[in-house]
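>>> Structure, please.
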Amino acid sequence: MPLVKLTAPPGVITDITDYQAQMRYTNADKVRFFQGYAEKIGGWAKRFSSAQLQGQCRKIFPHRDTDGSKFIFMGTSTHFFVEYGGQVYDITPFRTDPIALTNPYTTGGAGSNVVTVTHTNHGLANTSPGSRVVIQSAVTFDGVTIAAQEYVATYVNANQYTIVASSGTASSGSQTGGGSITVRYLTNNGPDDGLTGYGFGAGLWGTSSWGTARSASGVVLSPRVWSMDAFGEDIVASVGGGEDTIYYFDVSAFIAAPSTYRGTTLAYYVTNTLSGDASQIPTKVGQVLVSTPDRHLIVFGSNPQGSSTYDRMTIRFSDQESLSTWNAQITNTAGEQRLGTGTNIEAAEKGRGQIFVWTDVDVYSMQFIGPPFTFSFSVLGEISGTISKNAATTIEGASFWMGVDNFYMYDGAVRTLPCPVLQHVFDDFNQVQREKVFAGQNIKFNEIWWFYPSGGSDDIDKYVIYNYIDNNWSIGTLDRTAWVDSNVFANPLTVDKTGLQFNQEVGTDNAGSAINAFVETGFFNGDTNGDSVYFMNRVIPDVTYSAGTSVKFTLKTKIYPQDSEITKGPFTVSNTANKLDLRARGRSFQARYESDATGVSWRLGTWRAEGRADGSR
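Below you'll find the predicted structure:
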């Protein structure tokens, strides 16, 4: 009796029935397809034993300065961190210049340590947890001490907030004073999650006036997603939604005083460090990027020149090599361009010889052409926008992205990627949390991973992998909020929702625990048409182990496609097993390969089975 192959072609296909799939893989988790065969993905190791980050991290930017020192910049919903020298530092930037206040404090009732701060139009957002203020002048009055330090500010109204005194309680209570003090506000916290803006109660309190009608309902409001790029050895960044201006991080200043350093607005850096004129710098920006090799600082979404109103479709760029010159003149290369299609610039990525710009509708090319126009703009593809700020990536001159209902690539023309797991992704997808979607490269294995929240989850819990060389797909579950490929560092860097940082593709395990990995086929017939019932009595395994010595094998059988399954196994198959004897009878069969132990890494070869016809029904 000839042996029958039990190993399917590479790639998962989910958008048909298991019976239609036959000898194709229809489900998987923690398994990739590389060079034609299924294998367990690599493990991951913690960079620190406990979470070092607060808030939800949605952007990682590895960086190296001119001396070769390595950094990992990470933007979260509440903070901005940098890892340097084996330690993580909070360098959340100042949103304001130093501000002088006179007698701003009012104590609470006698015995209370809560102090009200009065500051007209303080600009704090009503967030939970509260945004932060740095008080630079120490004072003691009415029994409470307010030291010179950072405080969490609890929003009261547009002109007041409360802090908890560093020590003491009010003696008399309801006393106003404090003398002359100086305060400075850090970047406001942003939302952890997306939410649907149905009018009253949606978004951050105080972002619009009382009683003002909203122009639309059912609008998805985005979670905080930072963008950042290198300007020389320094870092420029933005919170990415038009709420604020450009931020600047001076790497040399950080190295000089890492425990006390804070980033600042670009305007503050230009004025106070460069002694320049910051009046032209955009005050409200979306994403930030530095073009190469021409080195223009670009913002995608901005207040146009001469306006203070944020326009989601306006691109502005500075003069070449300049941080401060943004107003277009015949003597410079600064300028702006408003894109004509879409309602919002969703993403921007540097490609080979161009910048890809995605709106919620189309994708554009932005190319440096020099004076007098500086950049040219052209539409590359229509009705092919991206789903989020971080859902697009560029590899080897091509660009890949996840749209609102499909996957796309550009390699000279925009093409829809044939995706046999499309319904699996988009039929179980939380559209309200769509801005959390991000793409992660894994060039070592020719992969792009898209992480997304399933329909029943507000957090990212699933992924889909596309192998752009072999043109196959895989699926699975994994909690990650940000990912960046190996480059400055030896392994991909990732973060989960608890703030733990990982080196990805390290070892075989989940930070010391077992990874449950499996791949299974559809229900394949014993013969071509499925006419006969077959009796299967022997399986000949073929596995390559880079670690460990065994996998598990399960065989399920059915007589009819809608029939109940009969399960044989799981059987543990060791690396010394020449065969597996079993007794399985059915018209169709399903094979499952898995591992759930620590210290194991495997790659499937060509498994075969021995069986014979056992009658017909």
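>>> Could I get the contacting residues of residue 57?
Going by CB atoms under 8 Å, 6 or more residues apart in numbering, residue 57 touches 74-76, 81, 481-482, 495, 499. The way it works is simple: take the backbone N, C-alpha and C, and place the C-beta from them, glycine included.
>>> Just give me the neighbour total for residue 74.
28 (other CB atoms under 10 Å).
>>> Using the three-state scheme, assign it.
strand (DSSP: H, G, I helix; E, B strand; the rest coil).
>>> circling back: the contacts of residue 57 into JSON lines, with extra columns for pLDDT and distance to residue 273?
Listed next are these as JSON lines, based on pLDDT from 0 to 100; distance: CB to CB, whole Å:
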{"residue": "74", "pLDDT": "98", "distance to residue 273": "24"}
{"residue": "75", "pLDDT": "98", "distance to residue 273": "22"}
{"residue": "76", "pLDDT": "97", "distance to residue 273": "26"}
{"residue": "81", "pLDDT": "98", "distance to residue 273": "22"}
{"residue": "481", "pLDDT": "98", "distance to residue 273": "33"}
{"residue": "482", "pLDDT": "98", "distance to residue 273": "29"}
{"residue": "495", "pLDDT": "98", "distance to residue 273": "31"}
{"residue": "499", "pLDDT": "98", "distance to residue 273": "31"}
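>>> Mind giving me the ChimeraX select for those, buried ones only?
The following ChimeraX line selects those of the contacts of residue 57 that are buried, judged by 16 or more other CB atoms under 10 Å:
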select :74,75,76,81,481,482,495,499
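>>> pLDDT weak spots in the chain?
The chain contains residues with pLDDT under 70 at 1-2, 196-220, 615-617.
>>> what sits against residue 480?
Contacts of residue 480 by CB under 8 Å, 6+ apart are 440, 451, 460, 463, 494-496.
>>> what do you get if the cut-off is 7 Å, keeping everything else the same?
Counting by CB atoms under 7 Å, 6 or more residues apart in numbering, residue 480 touches 451, 460, 494-496.
>>> Identify those among those that sit within strands.
Among the contacts of residue 480, the members found in strands (DSSP state E) are 451, 494-495.
>>> Tell me the one of those nearest residue 100?
The closest of the ones in strands among the contacts of residue 480 to residue 100 turns out to be residue 495 (CB to CB; 38.6 Å).
>>> Spit out the contact partners of that closest one.
When contacts are counted by CB under 7 Å, 6+ apart, residue 495 touches 53, 57, 60, 74, 480-482, 501.
>>> ok, residue 534 touching residue 610?
No: counting by CB atoms under 7 Å, residue 534 sits too far from residue 610 to count as a contact (10.6 Å).
>>> neighbour count winner among those two?
Taking other CB under 10 Å, residue 534 and residue 610 do not tie; residue 534 has more neighbours (23 against 16).
>>> Of the contacts of residue 480, which is the nearest to residue 103?
Within the contacts of residue 480, the smallest distance to residue 103 is 43.4 Å, found for residue 495 (CB to CB).
>>> Count the neighbours of the residue nearest to residue 555 when sequence neighbours are not counted for me.
Spatial nearest neighbour of residue 555, chain neighbours left out: residue 568 (4.6 Å); criterion: CB to CB, 6 or more residues apart in numbering. The local packing of residue 568 (other CB under 10 Å) involves 19 other residues.
>>> Surely residue 568 forms part of a strand?
Yes: when three-state DSSP is applied, residue 568 is found to be in a strand.
>>> Quick check: it touching residue 552?
No: counting by CB under 7 Å, residue 568 does not reach residue 552; the two are 12.0 Å apart.
>>> Okay, helices next: where are they in the chain?
18-21, 251-256, 266-272, 422-426 (DSSP state H).
>>> which residues sit against the first one?
In this case it means helix 18-21. With contacts defined as CB under 7 Å, 6+ apart, helix 18-21 is touched by 13, 26, 522-523, 561, 588, 590.
>>> repeat that with 8 Å
13, 26, 521-523, 561, 588, 590.
>>> just the strands in the stretch 201-350 of the chain please.
For the stretch 201-350 of the chain, applying DSSP state E, counting those that start in this stretch gives strands covering 219-221, 227-231, 234-238, 247-249, 264-265, 285-290, 297-302, 311-317, 335-338, 345-350.
>>> Select, out of the ones you listed, the one closest to residue 509.
Taking the strands of the stretch 201-350 of the chain one by one with CB to CB, strand 227-231 is closest: 31.4 Å.
>>> mind listing what that closest one pairs with, with the direction of each?
Applying DSSP bridges, strand 227-231 is found paired with strand 234-238 (antiparallel).
>>> And the partner strand, how far out from the chain middle?
Taking CA atoms, centre = their mean, to the nearest Å, one finds strand 234-238 lying 18 Å from the centre of the chain it belongs to.
>>> got the angle for it vs strand 285-290?
Orientation of strand 234-238 against strand 285-290 (axes from the mean of the first three to the mean of the last three CA atoms, to 10 degrees) gives an angle of 160 degrees.
>>> May I see the buried residues of strand 234-238?
Applying a neighbour-count criterion of 16+ other CB under 10 Å, one finds 234-238 buried in strand 234-238.
>>> CA-only coordinates of it in CSV, if you can.
What follows is strand 234-238, C-alpha atoms only, in CSV (Å, rounded to 0.1, in the frame of the first residue of the first chain):
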residue,chain,number,x,y,z
ASP,A,234,18.8,63.9,18.5
ILE,A,235,15.1,62.9,18.4
VAL,A,236,12.1,64.7,17.2
ALA,A,237,8.7,63.4,18.2
SER,A,238,5.0,64.2,18.3
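>>> what's in contact with that strand?
If you take CB under 8 Å, 6+ apart as the criterion, strand 234-238 is touched by 61, 63, 73, 75, 80, 93, 226-230, 244-251, 263, 266, 285-288, 290, 297, 299.
>>> give me the number of residues near residue 532?
Residue neighbour count, defined by other CB under 10 Å, stands at 17 for residue 532.
>>> so which of the contacts of residue 480 would you say is closest to residue 436?
Minimum distance to residue 436 across the contacts of residue 480 is 5.6 Å, recorded for residue 460 (CB to CB).
>>> List the contacts of that closest one.
436-437, 451-453, 479-481, 497.
>>> which of the contacts of strand 234-238 are buried?
Neighbour counting with 16+ other CB under 10 Å marks 61, 63, 73, 75, 80, 93, 226-230, 244-251, 263, 266, 285-288, 290, 297, 299 as buried within the contacts of strand 234-238.
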